[in-house]
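# 3D model of this:
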Amino acid sequence: MTHATLARAAAAALVLLCSAPMASAQASLPPSVSLPFGNVLGTAELAVMIRNLNNEMNRAIERLRAEQAEGDRQLQGQLIGLQEENRRLRAELARDNQELRQDLRVELARQKQELQGSLAAQEAQFRRVVDKLDADLGQLRTSVDRLSGDQSVLARDISLGKDGLSKFQVDSEQLNGRLNALQSQLGNLRETTTRMESASAGLGKKDQELNASLEALTRAQTSLRDELGKRLENMADELTKAASERTKLVSDLAMSASERINVGKALEGLQDRVKVLEAGLEGAKRSANDVKEVSSKIDELKRRIEPVETTIDGRVFEALPAEVAAYNAAVAKVQRADYGAARVDLQQFLATVPNAGFRGSALYWLGQAQYASSQCREAQASFGEMVKFAPDHPLAPDAMLAIANCQLELKEPRANVRRSLDNLIKLHPKSKAAAEAKDLLARLPR
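Reported below is the predicted structural model:
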């Protein structure tokens, strides 16, 4: 329970107490009032008690107002932080959107460039096949022209008669040879045609692969667009959640202001009641049990919100009762071997309680819980921080001995272990830990 809540509870109790029936201020007052337990309380003494009570309540009111102002400042700081977080989220959303669009443009440009390169390579290959086909056709035309010439020569040879028969036979054999060559060239042309058809089929396959690549690119673009839409929706949800939290915070601030107004009205009514008590001394008619109950409530409130003298490990300092209770609960978990919960409680205690009186002891017990959980490196760090923070602490020798044990568990060089033990013996020669360090040194291998 916070100090502000306790103060409001005390104020409400006093308002209820002061609302008891009172006699008229004009009534005559007796010189003294007999209390149920036998003592006689004079009106002057009762007035002094009431003034003391009034002063105590005024101080409680001032503390309550200071705590309310501090709470308002904290809430304002949280609202400013929420606004900053909202602006940061919007900036991150815009930046991520821009980066995603830039990445999409770069990826599309890269895939377009690759596609253009593939098309250019296929076009060059097709041109080479066409050029080869044109060359083969040229050779075929040359062969046909040569055959036509041979036929003209043959006709002239026939006109020469029988005398040219032998020459005709020779030319006929040459012509047959040329015809055979021509047939071979025609076979080559057919093979070339077959290769061209195969190349054309390959081009068709390339076209299919190109179409498949375009479809894959289209699917990738669609997927990227969907992912971008999802990320935008998630960011919009986060912004909506942040706006909802901001609205809730504003509502809490409004409720706090309303509560502050109600408490202020209650305090004003209480002050009016106290003035009536001082003017008419009608409070003398209240029973001693009511006075004792109010005093006990005020004392309980003081015990909860005021520091008390505390002794831990031989060190005396002031601390809040709640802090002492939290420390004792965490240490008790270590002592009953609940090391996991003890580590969590002690780490949270060190992070939230700024009282330096607890720090040395809390670090020592945190190191013990970590060492028992086989977290030797973390334990070594906790013991080292404890010795550095409070070298004169009663548990400092034990912490130094624990550091040497952690070094042994971590298999550090023997020189480091000996250095730690020698330092312990030098700084705390009369401690029990120093005696154990000497025994450990004697058993430590060279």
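
# gap between residue 107 and residue 115?
12 Å (CB to CB, to the nearest Å). (Glycine included, C-beta is placed from N, CA and C.)

# let me see the mean pLDDT of the helix or strand containing residue 90.
Assigned by DSSP states H and E, residue 90 belongs to helix 43-159. Averaging pLDDT along helix 43-159 gives 77.

# what packs against it?
Under the contact criterion of 3 or more CB pairs under 8 Å, 6 or more residues apart in numbering; DSSP states H and E, helix 43-159 touches helix 3-18, strand 32-34, helix 165-280, helix 288-305.

# and these, which one is worst for confidence?
strand 32-34 - the lowest mean pLDDT of the helices and strands packed on helix 43-159, at a mean of 40.

# residues of stretch 334-351 that come out buried?
334, 339, 342-343, 345-347, 349-350 (16 or more other CB atoms under 10 Å).

# same question for that stretch, mean pLDDT?
Mean predicted lDDT for stretch 334-351 stands at 95.

# and if you look at stretch 419-438?
Mean predicted confidence for stretch 419-438 is 94.

# mind listing what's buried in that stretch?
Counting neighbours by 16+ other CB under 10 Å, stretch 419-438 gives 420-421, 424-425, 428, 431, 433-434, 436-437 as buried.

# what does stretch 386-403 give?
Buried residues in stretch 386-403 (16+ other CB under 10 Å): 386-387, 390, 393, 395-403.

# report the two of those separated the most.
390 and 401 (15.7 Å; CB to CB).

# so who does residue 371 touch?
Residue 371 is in contact with 379, 402, 405-406, counting by CB atoms under 8 Å, 6 or more residues apart in numbering.

# CA-only coordinates of the strand or helix carrying it in CSV, if you can.
Element membership of residue 371, judged by DSSP H and E, is helix 356-372. Written as CSV, here are the backbone C-alpha positions of helix 356-372 (Å, rounded to 0.1, in the frame of the first residue of the first chain):
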residue,chain,number,x,y,z
ALA,A,356,22.9,1.5,0.7
GLY,A,357,22.5,-0.2,4.1
PHE,A,358,21.1,-3.3,2.5
ARG,A,359,23.4,-3.5,-0.6
GLY,A,360,26.4,-5.3,0.9
SER,A,361,24.4,-8.1,2.5
ALA,A,362,22.0,-8.4,-0.4
LEU,A,363,24.9,-8.9,-2.8
TYR,A,364,26.4,-11.5,-0.6
TRP,A,365,23.2,-13.6,-0.4
LEU,A,366,22.7,-13.1,-4.1
GLY,A,367,26.1,-14.6,-4.7
GLN,A,368,25.4,-17.5,-2.4
ALA,A,369,22.1,-18.3,-4.3
GLN,A,370,24.0,-18.1,-7.6
TYR,A,371,26.8,-20.3,-6.4
ALA,A,372,24.4,-22.9,-5.1
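
# show me how this structure divides into domains.
What automatic domain parsing lists as the domains of the chain is 1-21+31-306, 309-443.

# and the host helix or strand of residue 433, what does it pack onto?
Using DSSP H and E, residue 433 sits within helix 432-443. In this structure, helix 432-443 packs against helix 396-409, helix 414-427, with contacts taken as 3+ CB pairs under 8 Å, 6+ apart.

# looking at those helices, which is closest to residue 85?
That would be helix 396-409 among those, by CB to CB, at 40.9 Å.

# residue 445: what secondary structure?
Assigned state for residue 445: coil (three-state reduction, DSSP: H, G, I helix; E, B strand; the rest coil).

# out of everything not next to it in sequence, what's closest to it?
residue 414 (6.9 Å; CB to CB, 6 or more residues apart in numbering).

# I'd say the one you found and residue 441 touch.
No - the criterion here is CB atoms under 8 Å, and residue 414 misses it with residue 441 at 10.4 Å.

# got a pLDDT number for residue 358?
94.

# you'd agree it is up against residue 349?
Yes - Residue 358 is within contact range of residue 349, at 7.3 Å (criterion: CB under 8 Å).

# joint contacts of these two?
residue 327.

# show the contacting residues for the nearest residue to residue 423 once chain neighbours are set aside.
Using CB to CB, 6+ apart and skipping residues adjacent in sequence, the residue nearest residue 423 is residue 400, 6.8 Å away. Contact analysis of residue 400 by CB under 8 Å, 6+ apart lists 383, 387, 420, 423-424, 427-428, 433, 437.
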